[in-house]
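In: this is a predicted model, with the sequence first.
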Amino acid sequence: MLGLSLLIFGVYQQEAHSQQAASREIKVPYALAWGDSVEKIREMLRAVKATESGMSEKTPGRVVIEAAGLSVGDKLLKKSLFTFREGSLVEVELQYNDPTWDGAQAVDFFDRTRRRVDERYGPGTLQTNKVKEHPADEKIPEEMNYTLIIYRWNQPAVVLELTYYCVEKTPQAYRLVSLNYKAP
């Protein structure tokens, strides 16, 4: 009996080890590193002939550069956002959408992306799951609702969040799937 228990324990440990070995290190997109400067990002954009489509200061010391044209071979990548705190890169967000998506297509893209990320980095953790909720504001029309689903993968060097966001007011809808890489 003890031998069987040890055998089962050994198989369990081996399976757990192979799952851990299968997960890879999450890297900052575009071969960037946390702490890179605004100028380094601009040099990268120029080198790949992408365009800086905007720059804003969200809060004092927190600047966001918006870029388009980094979607080589991926027509669904609409823009990339680079966030800096005190001049150092701390976040990269890749935003995907397609105006022709209906709800099922957008959710399918989100689910396929989540499965691919799970395969690479191990299972993510569901952070938020709000489906077709009405915003808690009296000024928002009653027929408007939103969906927000967020999964997170935590590693020592990078936190990755996959987000599905949809706001609907019949007959219109805006759907967005994003991969948000953050410095821990």
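Out: Thanks, I have it. Residues are numbered from 1 along each chain as shown.

In: before we move on, which element is Thr113 in?
Out: helix 103-121 (DSSP states H and E).

In: mind listing the strands for the chain?
Out: Residue ranges of the strands in the chain, as given by DSSP state E, are 51-59, 62-68, 77-85, 88-96, 125-133, 144-154, 159-169, 172-182.

In: in a markdown table: those strands, plus distance to Trp34 and mean neighbour count.
Out: Every C-beta, even on glycine, is put in place using the N, C-alpha and C of the backbone. Shown next, in a markdown table, are the strands of the chain (distance: least, CB to CB, whole Å; neighbours: other CB atoms under 10 Å):
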| stretch | distance to Trp34 | mean neighbour count |
| --- | --- | --- |
| strand 51-59 | 18 | 11 |
| strand 62-68 | 15 | 17 |
| strand 77-85 | 10 | 19 |
| strand 88-96 | 6 | 19 |
| strand 125-133 | 21 | 11 |
| strand 144-154 | 15 | 18 |
| strand 159-169 | 11 | 19 |
| strand 172-182 | 9 | 18 |
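
In: including mean pLDDT, could those go into CSV?
Out: Shown next, in CSV, are the strands of the chain (pLDDT from 0 to 100):
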stretch, mean pLDDT
strand 51-59, 91
strand 62-68, 95
strand 77-85, 96
strand 88-96, 97
strand 125-133, 88
strand 144-154, 93
strand 159-169, 94
strand 172-182, 94
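
In: let me have those in JSON lines, adding distance to Ile26 as columns.
Out: Below are the strands of the chain laid out as JSON lines (distance: least, CB to CB, whole Å):
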{"stretch": "strand 51-59", "distance to Ile26": "24"}
{"stretch": "strand 62-68", "distance to Ile26": "21"}
{"stretch": "strand 77-85", "distance to Ile26": "16"}
{"stretch": "strand 88-96", "distance to Ile26": "11"}
{"stretch": "strand 125-133", "distance to Ile26": "14"}
{"stretch": "strand 144-154", "distance to Ile26": "6"}
{"stretch": "strand 159-169", "distance to Ile26": "5"}
{"stretch": "strand 172-182", "distance to Ile26": "7"}
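
In: tell me which of these sits nearest to Phe109.
Out: strand 172-182 (5.8 Å; CB to CB).

In: what packs against the closest one?
Out: Here strand 172-182 touches strand 88-96, helix 103-121, strand 159-169, going by 3 or more CB pairs under 8 Å, 6 or more residues apart in numbering; DSSP states H and E.

In: mind listing the strands that strand pairs with, and their directions?
Out: strand 88-96 (antiparallel), strand 159-169 (antiparallel) (DSSP bridges).

In: among those, which comes closest to Pro123?
Out: Nearest to Pro123, of all the strands paired with strand 172-182, is strand 159-169, at 12.1 Å by CB to CB.
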